[in-house]
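[1] Sequence and computational prediction follow.
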Amino acid sequence: MSLLSVIIPAYNAARFLGEAVASLAEQRRPPDEVIIVNDASTDDTRREVERLRRRTPQFSIVYAENARNLGGGATRNRAVRLAKGDHLFCLDADNLFFPDTLHLFLERAERARAAEGRHAMVCPESLQYFRDRFLVPRLNWIRVGKRLDGRWAFRDLSRDGILTNPVSPASSGNYLYHREIFERSGGYAEDCGAYDAWVFGVRNVLAGYSFVAVEGAGYLHRQHPESYWERDVLRDNRCDHMRRAFAHFRHVYTEETFRYLESVRRVGELDWSMLKLRAS
């Protein structure tokens, strides 16, 4: 039976970690281990992990700390290197799983491997968001899901759909993949801030691996001002990160696309319909 590792990069997320880990403990098929890498947080992340180790006997929790803040890509890569699992899932420290997700994702991954003769990446059918201004101790995490304020569907899982669509499993960064996929694609990008997961997903697709979606499973993506994406890309308007992310794929997009990217002054103004692919 495949070993399953869930990796959690954590930066100043102590107030959210308990809920994230609780959602893993409530899985029908819990992970075999959870790898938490603290990216030089200034909050009580270390103490929170110690508490979670005592309260969560369903799986082992492996903990490591970066000596300095390295960003999401480097932190995710370190977590994968520490993990023992054949299958891996990166759960952001402020997100939550639906209860049956890991069981359904693993089942679908095994079916895809049997049918196609190669591994596939397994994602939810849609990306769902929620906000909660106050965290209530011992709140049943499923109840939090009733505060959903948005759902983005992954409509096109083709290669070109992933490359020209802002809403894709690659952009979400949270999906199940086999270690072979990580090793063959080269892991997460470490030079483009919160675009690291998007680069990883696109690398996987270009390496020939496909996404398959599972209906009725997935996770809740928390929206709050200090989330990695909000802080690194939207609030700080990291157009330089965006351009470095696309620069990984100069062989995929046309020169016209890169001239257009140079003209974009704010990340939120990027029009994905302007992205053109080279002839394959």
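    That came through fine. Numbering: from 1, shown residues only.

[2] what separates residue 31 from residue 157, distance-wise?
    25 Å (CB to CB, to the nearest Å). C-beta: built from backbone N, CA, C; applies to glycine.

[3] So which of these two has more stuff around it?
    residue 31 (26 against 19; other CB atoms under 10 Å).

[4] Residue 181 touches residue 209, doesn't it?
    Yes: Residue 181 lies in contact with residue 209 (CB atoms under 8 Å); the separation is 5.4 Å.

[5] tell me, what's touching those two both at once?
    Shared contacts of residue 181 and residue 209 (CB atoms under 8 Å, 6 or more residues apart in numbering): 119, 121.

[6] Leaving out chain neighbours, which residue sits closest to residue 160?
    Leaving aside its chain neighbours, residue 160 sits nearest to residue 277 (6.3 Å; criterion: CB to CB, 6 or more residues apart in numbering).

[7] quick one, what contacts the one you found?
    160, 163-164, 252-254.

[8] closest to residue 63 among the residues you listed?
    Nearest to residue 63 among the contacts of residue 277 is residue 163, at 36.3 Å by CB to CB.

[9] I'd like to know how many residues surround that closest one.
    Using other CB under 10 Å, residue 163 has 18 neighbouring residues.

[10] Could you point out the helix or strand that follows the longest helix seen in the chain?
    Determined from DSSP state H, the single longest helix within the chain is helix 101-116. Downstream of helix 101-116, the next assigned helix or strand under DSSP states H and E is strand 121-124.

[11] Pairing partners for the very next helix or strand once past that following strand, with directions?
    Going down the chain from strand 121-124, the next helix or strand is strand 126-130, by DSSP H and E. Here strand 126-130 is paired, per DSSP bridges, with strand 148-153 (antiparallel), strand 219-222 (parallel).

[12] Can I get those strands in a markdown table including mean pLDDT and distance to residue 59?
    Output for the strands paired with strand 126-130, formatted as a markdown table (pLDDT from 0 to 100; distance: least, CB to CB, whole Å):
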| stretch | mean pLDDT | distance to residue 59 |
| --- | --- | --- |
| strand 148-153 | 68 | 27 |
| strand 219-222 | 86 | 17 |
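
[13] To residue 72, which of the ones you listed lies closest?
    Residue 72 lies closest to strand 219-222 among the strands paired with strand 126-130, at 14.7 Å (CB to CB).

[14] Let me see the mean pLDDT of the helix or strand immediately after the closest one in the chain.
    Downstream of strand 219-222, the next assigned helix or strand under DSSP H and E is helix 228-229. What helix 228-229 shows for mean pLDDT is 77.

[15] ok, residues contacting helix 228-229?
    For helix 228-229, contacts defined as CB under 8 Å, 6+ apart pick out 11, 72, 92, 194.

[16] Swap in 7 Å and give it another go.
    With contacts defined as CB atoms under 7 Å, 6 or more residues apart in numbering, helix 228-229 is touched by 72, 92, 194.

[17] Could you do stretch 257-272 as well?
    By CB under 7 Å, 6+ apart, the residues outside stretch 257-272 that reach it are 164-166, 233-234, 237-239, 242-243, 246, 274-276.

[18] closest to residue 100 among those?
    Taking CB to CB as the measure, residue 100 lies nearest residue 165 of the contacts of stretch 257-272, at 27.1 Å.

[19] so which strand or helix has the closest one?
    Assigned by DSSP H and E, residue 165 belongs to neither a helix nor a strand.

[20] what about the helices in the stretch 51-200 of the chain?
    With DSSP state H, counting those that start in this stretch, the ranges of helices along the stretch 51-200 of the chain come out as 72-82, 101-116, 141-144, 159-163, 169-172, 179-185, 196-206.

[21] Dump the ones you listed to TSV, plus distance to residue 52 and mean pLDDT.
    Formatted as TSV, the helices of the stretch 51-200 of the chain follow (distance: least, CB to CB, whole Å; pLDDT from 0 to 100):
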stretch	distance to residue 52	mean pLDDT
helix 72-82	16	98
helix 101-116	18	96
helix 141-144	14	40
helix 159-163	34	96
helix 169-172	24	90
helix 179-185	25	97
helix 196-206	24	97
